[in-house]
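[1] show me how the following folds:
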Amino acid sequence: MAKAPMTFNIDDLSTWQKYRKNLCNDCHATCCTLPVEVKVSDLVRMELVDPFEADDLKGIAKRLQKARIIDSFSHKTGIFTLARMANDDCLYLDRHSRRCTIYDKRPDTCRNHPQIGPKPNYCPYRPRS
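    Modelled structure (predicted):
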């Protein structure tokens, strides 16, 4: 069995740990500091966008950028990037519990982590302090 790296760097994929069941239970929610890309269907699930306005991506992007919910929107791909707090935490991460405040409505990017991502089946695990 490989030893876990002694130091952790979210940008250095070689320091990420192989995902295993229950790894999230004592993690600092480090994955919730990664940029989160979402589609309009995610924004509808998150109740930020009404299904009837889902065709107006430009208008949605403008409104959500003004509200500081998204950082950017790619017209080419139709992908929005959620804004993060000053400490890089996701807007929807509770600062105290380190748990998602919209867990049942979370975006597909979060639902599919760590199966997909920068290093599939690995996590930027960091234990809670």
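[2] what about the longest helix in this protein?
    Ranked by residue count, the top helix of the chain under DSSP state H comes out as helix 57-66.
[3] average model confidence for it?
    The average pLDDT for helix 57-66 rounds to 97.
[4] now for that helix, which elements pack on it?
    Other elements packing on helix 57-66 under the criterion 3 or more CB pairs under 8 Å, 6 or more residues apart in numbering; DSSP states H and E are helix 40-45, strand 70-74, strand 79-82. For the C-beta atoms, the positions are set from N, CA and C on the backbone; glycine is no exception.
[5] could you list the low-pLDDT ranges of this structure?
    Within the chain, the stretches with pLDDT under 70 are 1-7.
[6] tell me the centre residue of it?
    Val36 (3.8 Å; CA atoms, centre = their mean).
[7] Pro114 reaches Tyr125, doesn't it?
    No: judged on CB atoms under 8 Å, Pro114 makes no contact with Tyr125 at a distance of 9.4 Å.
[8] which phi and psi values does the closest residue to Ala29 other than its chain neighbours adopt?
    Distances taken as CB to CB, 6 or more residues apart in numbering put Arg98 closest to Ala29, at 4.3 Å, once the chain neighbours are dropped. Phi and psi for Arg98, reported as degrees, to the nearest 10, are phi 60, psi 30.
[9] share the number of residues neighbouring Arg98, please.
    A count of nearby residues for Arg98, using other CB atoms under 10 Å, gives 15.
[10] check contacts around it.
    Contact analysis of Arg98 by CB atoms under 8 Å, 6 or more residues apart in numbering lists 27-29, 32, 128.
[11] kindly recompute the last result at 7 Å.
    28-29, 128 (CB atoms under 7 Å, 6 or more residues apart in numbering).
[12] Asn9 now?
    By CB under 7 Å, 6+ apart, the contact list for Asn9 reads Thr15.
[13] and it, helix, strand or coil?
    coil (DSSP: H, G, I helix; E, B strand; the rest coil).
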